[in-house]
Structures are given as structure tokens and as C-alpha cells.
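# Below: sequence and its predicted model.
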Amino acid sequence: MTHRFCQTVAQPPSAVRKSSPAQPRAAVPRTRCRQGLSYLLIVLVFGAAAVAQETELPPALTEYMGRTIARTMSFHGADWLTRKTRQAEENTALMMKALHVKPGDVVCDLGCGNGYHTLRLAGAVMPGGWVYGSDIQPEMLQMLNDRADAAGVTNLTPVLGTVVDPRLPAASCDLILLVDVYHEFDRPVHMLAAIRRALKPAGRVVLVEFRAEDESVPIKPLHKMSRAQMMKEMTANGFKLVESFDKLPWQHMMFFQRDDAPPNEAK
Ligand SMILES: C[S@@+](CC[C@H](N)C(=O)[O-])C[C@H]1O[C@@H](n2cnc3c(N)ncnc32)[C@H](O)[C@@H]1O
């Protein structure tokens, strides 16, 4: 089944069915739209909204706390995210295991791209769980939608976020995963504040970033981050480190909670 973007739907909590999780303001519905409704129209609508919003946005940063911010990876390069060698290079299966996601969890894959991790998360939270895939590029979300259709995944909401807001329901997520994404945020303070709002009180945010300290990791320096830099930026924005996983071949994997999270409730 092929899905098309329908329209942005702002559903107040009262309109949400009890059996489904809260729907974010920019959920991309995964129900069949009228066949004639074109993808182009939706891109134009989103584009116009983005232009209007752009005028109200805080200025994009090029540097943050001594780090140069990387440019957004374009959807034109999305094939790289689903390359055949990715499992061997990044051990993505081990990363998934280390997340300790369980059935019933509500999870967001933030900066989901074409959904490499999103689809795996959707399986891991079944039965009863839900996954949001949020990204700022509608083309990435279209690819995610198509891949979800092909895989028969139904517990997933694609969400068109903005550069300051992933547009997730407040206090909704047990876990927010960012793989190779955080270093691209050009308004990191706004994004981290929005992430704080979207987490449940004991929810976790997980940064997976290529190790800047390791020259043998074959990734451009701009797309890597050091552990010290992540600590600096996360603690400055109200997060505390609760766990590190150091067994991935190329990446740091660092788990944070709000620093006002209830104690002993991680995992
Ligand atoms: C290198 S890709 C990683 C995709 C995916 N996480 C993966 O590992 O396969 C980075 C993604 O982050 C998205 N991105 C960048 N800034 C973002 C923001 N402020 N909010 C949401 N997504 C963002 C980009 O559009 C892109 O799809």
C-alpha cells in the first residue's frame, strides 16, 4: 500500500482515542489519502509553512560551545543510511539491544532519516508500544512511510518537525533516540528544551555519535563528537548522564535523563 502525506493534523488530547498514543501537531497520517492528493502539494504547503516559520525562528548557529555544527545530511544521500555494510560497521543490532526498549514503550527516533532504526524500534516495542519518527525533511519521512508500508509496520507515526521542535506530545516518550543527528542541530538549545518537554519524567534520551577521539573511525571530523563535548552540552541544558555503552565499533552511546528525573527509575 502506498501512502501519501495528507495534511498536518493538530489533534488536541481530547480528540485522541484512548487506545492510541497522543498524536503530535505535525503527525503525517499513515492512513490512505485521496489518490489525487499530490506529494508536491504537500511539500509546497510544508514549504510555505516553513518559510513563514523561518521568519520567526531564532538565528541558526554555526558554532556551539566551541564545536562547529555540521550541515544537515540531505535526503539525496539517504541510501547511505541503509547501506548493506551498516550492520558490520556500526553493529546496529548491538546498539538496539543496548537500548533495553521493551514492549509497550513509547519511543521517538529523532532525526529518523529514512527509518533505518525506526522500523526496528517499532518491532521492539510490540506489543502495545508506539514509535514516532521525527525529521525536518519531508522527503525522508516519505521514504520512512514507504519502507514502513513495505514492512507492514503499523505502530508508527511520522512527524514533520522543525529545527527548533520535534513536535512530540508533552511527557510522552520513554526514550528518544538520536543516532548521528545531534551534531546537526543548528538550534541545539531549543531542540534540547523540546526533548526535555517530550520525555516522561524518567524518560531517557540517547545520543549515538561517531567518536571524535578515535582517528580510525572513517568519518569526517565535523560529523564526529567527543564524549567531553557531549557532556558539556547536555549538562548545560538540564540533562545528567545515567549510562554509557562503549562497545560499539565506531560510536559513543550515551544515555541521559532530565537532571530532575526521579531517582532509580532509569530503564
Ligand atoms: C545522518 S542522518 C541520520 C538518520 C538516522 N538517525 C539514521 O541513523 O539512519 C541525520 C538526520 O537528522 C535530521 N535532522 C537534522 N536536524 C534535525 C532537527 N533539528 N530535527 C529533526 N531532524 C533533524 C536530518 O534531516 C537527517 O535525516
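Thanks, I have the structure now. Numbering: from 1, shown residues only.

# any idea how far Val101 lies from Trp130?
12 Å (CB to CB, to the nearest Å). Where C-beta positions appear, they are placed from N, C-alpha and C, glycine not excepted.

# between these two, what contacts are shared?
Residues touching both Val101 and Trp130 by CB atoms under 8 Å, 6 or more residues apart in numbering: Val107.

# Please list the residues of the stretch 51-200 of the chain that sit near the ligand.
Contact residues (CB under 6 Å from any ligand atom) of the stretch 51-200 of the chain with the ligand: 72-73, 81, 110-113, 116-117, 134-137, 140, 161, 163, 166, 179-181, 184-185, 191.

# among the residues you listed, which are in strands?
110, 134-135, 179 (DSSP state E).

# From these, pick the one nearest Ala60.
Using CB to CB, Asp135 comes nearest to Ala60 of those, at 17.1 Å.

# Now do that closest one against Leu81, distance only.
11 Å.

# Mind listing the shared neighbours of the two?
Gly113.

# Between the two, tell me which one has more neighbours.
Using other CB atoms under 10 Å as the criterion, Asp135 and Leu81 rank with Asp135 on top: 26 against 19.

# excluding its backbone neighbours, what's nearest that one?
The shortest distance from Asp135 to any non-neighbouring residue, by CB to CB, 6 or more residues apart in numbering, is to Cys112 (5.2 Å).

# and what of Ser244?
Met254 (5.3 Å).

# can you tell me how far that neighbour sits from Asp246?
In terms of CB to CB, Met254 sits 10 Å off from Asp246.

# And for Pro263?
Relative to Asp246, and taking CB to CB, Pro263 is found at 24 Å.

# So if I had to pick from those two, which one is more boxed in?
Taking other CB under 10 Å, Pro263 and Asp246 do not tie; Asp246 has more neighbours (11 against 7).

# Let me see the contact set for that one.
Going by CB under 8 Å, 6+ apart, the list of residues near Asp246 reads 252-253.

# Asn145 versus that one, what's the distance?
Taking CB to CB, one finds Asp246 at 35 Å from Asn145.

# tell me which element Leu241 falls in.
strand 239-245 (DSSP states H and E).

# Residues touching that strand, excluding its own?
95, 98, 192, 196, 204-205, 227, 231, 234-235, 252-259, 261, 266.

# going on from that strand, what's the next piece of helix or strand?
Later in the chain than strand 239-245, the nearest helix or strand by DSSP H and E is strand 251-258.

# Return the set of buried residues in stretch 76-89.
Neighbour-count burial for stretch 76-89 flags 78, 81, 89 (criterion: 16 or more other CB atoms under 10 Å).

# Among these, name the ones in helices.
Glu89 (DSSP state H).

# Among the buried residues of stretch 76-89, which one sits closest to the ligand?
Leu81 (3.9 Å; CB to the nearest ligand atom).

# Distance of that closest one relative to Val189?
26 Å.

# now swap in Met234 and tell me
11 Å.

# quick one: which of these two has more around it?
Met234 (20 against 16).

# Spell out which residues sit in contact with the nearest residue to Val181 once chain neighbours are set aside, please.
Nearest non-adjacent residue to Val181, counting by CB to CB, 6+ apart: Gly111, 3.0 Å away. Neighbouring residues of Gly111 by CB under 8 Å, 6+ apart: 134-135, 178-182, 184.

# try Pro127
Contacts of Pro127 by CB under 8 Å, 6+ apart are 103-104.

# let's see 10 Å
Shown in contact with Pro127 (CB atoms under 10 Å, 6 or more residues apart in numbering): 103-104, 155.

# and the residue nearest to Phe256 when sequence neighbours are not counted, what are its bridge partners?
Distances taken as CB to CB, 6+ apart put Phe239 closest to Phe256, at 4.0 Å, once the chain neighbours are dropped. Judged by DSSP bridges, the bridge partners of Phe239 are Arg258.

# Run a quick neighbour tally on Phe239.
25.

# Need the pLDDT of it.
pLDDT for Phe239: 98.

# Just the buried ones from the contacts of strand 239-245, in PyMOL syntax?
To isolate the buried members of the contacts of strand 239-245 in PyMOL, using 16+ other CB under 10 Å:
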select buried, resi 95+98+192+196+204+205+227+231+234+252+253+254+255+256+257+258+261
